[in-house]
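Novice: Model the structure of this input:
(one chain, ligands or ions: 1)
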Amino acid sequence: MYDFDKVIERKGTNSIKYDREKAQDPRIIPMWVADMDFETLPEVKEALVRRASHGVFGYAAPTESYYQAVINWMETRHQFHVEKDWIVTTSGVVGALKLAVRALTQKDDAILVMKPVYYPFDASIQLNGRRVIECPLILKENHYECDFDIFEKQIIDHDVKMFILCNPHNPIGKVWTKEELYQIGKICQKHHVYVVSDEIHMDFIYSGHQHIPFYNVDPAFGDFSIICSAPSKTFNLAALQTSNIIIKNKDMREKFQDEKNASGMSDPNIFGLEACEAAYTFGAKWVDELLVYLADNIQYMKDFFKERLPQLKVISPEGLYLVWVDMRSLGLNKDELETLMLEKAHLWLDEGYIFGTGGDGFERFNVACPRSVLKQALEQLEKAIKE
Ligand SMILES: Cc1ncc(COP(=O)(O)O)c(C=O)c1O
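Specialist: Below is the predicted model:
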């Protein structure tokens, strides 16, 4: 059994979650950025120590065993068939989104996103001089849906060239079904819209739901789409900056690769390669246990809100370790809500408004932390709200 209850001191480790100024007040519990407070699995640590103690850090490239580890993980966990040639490594998924935007669209082109969504999607589009077009998701009771008529209308009206999909969808915790993905894919295919499917959270799926890689929806979808994957969320390796971008279509892959070369993004980091290979080779049991722990954390949070803060609504996550909470009933504007969280509850969260349209009045909690920390955070929140 792995110990996810262990509290690990992260201050003083160059952590953006713990070492930035906002986290310096000792009462602050940071639950914003999507990294976990858990130690990764022992085999990953051992692989890194082994490589570090070798002491020679010359240029590195993925080996055959690296590619096999990625391919096997996708096959066994997701019944997703990937070929070695389809994999392009990058130093992050956000970097890959930017490369895809530059490789496959032109300046001023329209790129569609669903809102609310992980905020670097907008930045990846705008920083490259493209236009963001939005398809708002609709909150029905406790889950979000896409109106496919609006989705298609936005594509037609704005002559959209690319759609960036988030599956599972950060911050709302939605795991897209095969039927939904089929509709998305068919509409994009019909209007010659490239799909970039960010599947970085693919391994965090809860009971009753299944992750469907975009290529598994319909064999034709591989002709016009890219799948972004990484071991970074699953195994808590974000700072090792290693992602695997899966591009079946040769022409798209060459354009992406050319853009990668032109951008100055270099070969992968040796530690990222070691960690990714070890994680995908030895990490299945660790992830299984982690998922049980996270599901219990989410249940604990849902029960807490139900009993002690019933005016706040938890959008029950189907995937992710990020929990989206509707706080609109408090009647606070975005600055007041942020002040309440930070200065009264002493919680550093990702504010809903940063995720764009539909995010105002919501807060995103990262619950990938020991239960004792979650409990403390929720008690601080209750006290602040009741005061
Ligand atoms: C949907 C999504 N994509 C990408 C990332 C970040 O990826 P990377 O660190 O590989 O750039 C995150 C991190 O939270 C995310 O939620």
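
Novice: Up against the ligand, what does the stretch 1-150 of the chain have?
Specialist: Applying CB under 6 Å from any ligand atom, we find that the stretch 1-150 of the chain lies next to the ligand at A34, G92, V93, V94, Y118. Where you see a C-beta, it was placed from the backbone N, CA and C, and this is true even at glycine.

Novice: ok now do the third one, which residues does it touch?
Specialist: With contacts defined as CB atoms under 8 Å, 6 or more residues apart in numbering, V93 is in contact with D198, I200, C228, S229, A230, S232, S243, I245.

Novice: go on, K260?
Specialist: Counting by CB under 8 Å, 6+ apart, K260 has contacts V88, T90, L99.

Novice: tell me which element it is part of?
Specialist: helix 250-263 (DSSP states H and E).

Novice: State the next helix or strand along the chain beyond that helix.
Specialist: That would be, after helix 250-263 and using DSSP H and E, helix 270-282.

Novice: residues of the longest helix anywhere in the chain that come out buried?
Specialist: Longest helix of the chain, by residue count under DSSP state H: helix 284-308. Using 16 or more other CB atoms under 10 Å as the test for burial, helix 284-308 gives A284, W286, V287, L290, L291, Y293, L294, N297, I298, M301, F304, F305.

Novice: Next secondary structure after it?
Specialist: strand 313-315.

Novice: That next one packs against which elements?
Specialist: Packing contacts for strand 313-315, counted by 3 or more CB pairs under 8 Å, 6 or more residues apart in numbering; DSSP states H and E, involve helix 284-308, strand 322-326.

Novice: Extract the C-alpha trace of the helix holding K260 and format it as CSV.
Specialist: Listed next in CSV are the C-alpha coordinates belonging to helix 250-263 (Å, rounded to 0.1, in the frame of the first residue of the first chain):
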residue,chain,number,x,y,z
LYS,A,250,2.2,12.4,-41.5
ASP,A,251,1.7,15.8,-43.0
MET,A,252,0.5,17.3,-39.7
ARG,A,253,3.3,15.6,-37.8
GLU,A,254,5.9,17.0,-40.2
LYS,A,255,4.5,20.5,-39.8
PHE,A,256,4.4,20.1,-36.0
GLN,A,257,8.0,18.8,-36.0
ASP,A,258,9.2,21.7,-38.3
GLU,A,259,7.5,24.2,-35.9
LYS,A,260,9.2,22.5,-33.0
ASN,A,261,12.6,22.8,-34.6
ALA,A,262,12.0,26.4,-35.6
SER,A,263,10.9,27.3,-32.1
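
Novice: buried sites along that helix?
Specialist: M252, R253, K255, F256, E259, K260.

Novice: Pick the one among those closest to the ligand.
Specialist: K260 (14.2 Å; CB to the nearest ligand atom).

Novice: Tell me the pLDDT of the closest one.
Specialist: pLDDT for K260: 97.

Novice: Turn the contacts of V93 into JSON lines, columns for pLDDT, secondary structure and distance to K186.
Specialist: Shown next, in JSON lines, are those (pLDDT from 0 to 100; DSSP: H, G, I helix; E, B strand; the rest coil; distance: CB to CB, whole Å):
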{"residue": "D198", "pLDDT": "98", "secondary structure": "strand", "distance to K186": "20"}
{"residue": "I200", "pLDDT": "98", "secondary structure": "coil", "distance to K186": "24"}
{"residue": "C228", "pLDDT": "98", "secondary structure": "strand", "distance to K186": "21"}
{"residue": "S229", "pLDDT": "98", "secondary structure": "strand", "distance to K186": "23"}
{"residue": "A230", "pLDDT": "98", "secondary structure": "coil", "distance to K186": "27"}
{"residue": "S232", "pLDDT": "98", "secondary structure": "helix", "distance to K186": "31"}
{"residue": "S243", "pLDDT": "97", "secondary structure": "strand", "distance to K186": "28"}
{"residue": "I245", "pLDDT": "98", "secondary structure": "strand", "distance to K186": "24"}
